[in-house]
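**Student:** I'll drop the sequence and a predicted model, then ask my questions.
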Amino acid sequence: MDAVVPARRLHTRGGFWALPSSVVEKSWRSQWDRLVDQVRLSDHLTLYRAVEEGVPAITVILLSKALSEPAPSVLDIIGLPETTYLRKAKAGEVLPDAAGHRTVALMRVVATLRQLLEESGDAEQVKDFDLESWVSTWIRTPLPELGGATPAALLRNPDGQRVVETLLERMRGGLVA
């Protein structure tokens with residue numbers, strides 16, 4: 001079962017999230033890009049407040065579309081059972097706290113990698129690079145730098161998230177990751 005809920009029932013928020021009540025096929029990309037840029041430009045306190053405000057269920061669908069992953073795969077990465085997601089989405093509720101934290105952590109990975117890509121050199125060379133597809137593969141790849149764990153597995157708790165952030169900083173510095 002694909003964990004997509006009818007758009008009219010999805011929870012929307014103002015403030016940081018400011019998402020419409022549906023993810024229209026033609027506009028999901030702009031919504032995703034806006035959120036990733038917002039995550040990239042936000043400090044830790046702003047992101048903390050965004051998670052406390054509540055991460056809307058529609059964010060799972062945006063992640064699913066952006067990473068070209070079925071919604072159940074995204075739910076697996078953020079550690080949320082499909083039944084819980086469906087119940088929360090149908091009720092118009094936000095994701096549970098832990099899943100919200102993991103969702104923002106995953107978005108921070110994408111935002112950081114997007115920034116690394118933009119800083120890497122010639123804009124013409126990287127403009128057609130499909131970062132989200134690359135992230136989708138990378139996040140599930142066991143890495144020696146992570147003791148053979150995948151970045152997705154480490155996103156399950158704050159200490160693991162810091163390990164992934166450290167790895168990304170090493171990538172920024174040019175060290176092999």
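**Tutor:** That came through, no problem. For clarity, every value in this text was computed on a predicted model and none was experimentally measured.
**Student:** Just checking the distance from the lowest-mean-pLDDT helix or strand in the chain to the centre of its chain.
**Tutor:** Taking mean pLDDT, DSSP states H and E as the measure, the helix or strand of the chain with the lowest value is helix 123-126, at a mean of 71. For helix 123-126, the distance from its own C-alpha centre to the chain's C-alpha centre is 23 Å (C-alpha atoms, centre = their mean, to the nearest Å).
**Student:** cool, stretch 130-148 as well?
**Tutor:** 14 Å.
**Student:** who does the strand or helix carrying residue 137 touch, helix- and strand-wise?
**Tutor:** Assigned by DSSP states H and E, residue 137 belongs to helix 131-138. The contact analysis (3 or more C-beta pairs under 8 Å, 6 or more residues apart in numbering; DSSP states H and E) places helix 131-138 against helix 58-67, helix 97-119. For glycine as for every other residue, the C-beta is placed from the backbone atoms N, C-alpha and C.
**Student:** pLDDT score assigned to residue 69?
**Tutor:** Reading off the confidence values, residue 69 has pLDDT 91.
**Student:** Count the neighbours of it for me.
**Tutor:** Each residue near residue 69 was counted by other C-beta atoms under 10 Å, and the total is 20.
**Student:** that older thread, what's the helix holding residue 137 in contact with?
**Tutor:** Contacts with helix 131-138, where a contact means C-beta atoms under 8 Å, 6 or more residues apart in numbering, come from 66-69, 109-110, 113-114, 117, 151.
**Student:** got it, and stretch 153-172?
**Tutor:** By C-beta under 8 Å, 6+ apart, the residues outside stretch 153-172 that reach it are 77-79, 101-102, 105-106, 108-109, 112-113, 116, 119, 139, 143, 145-146, 149, 151, 177.
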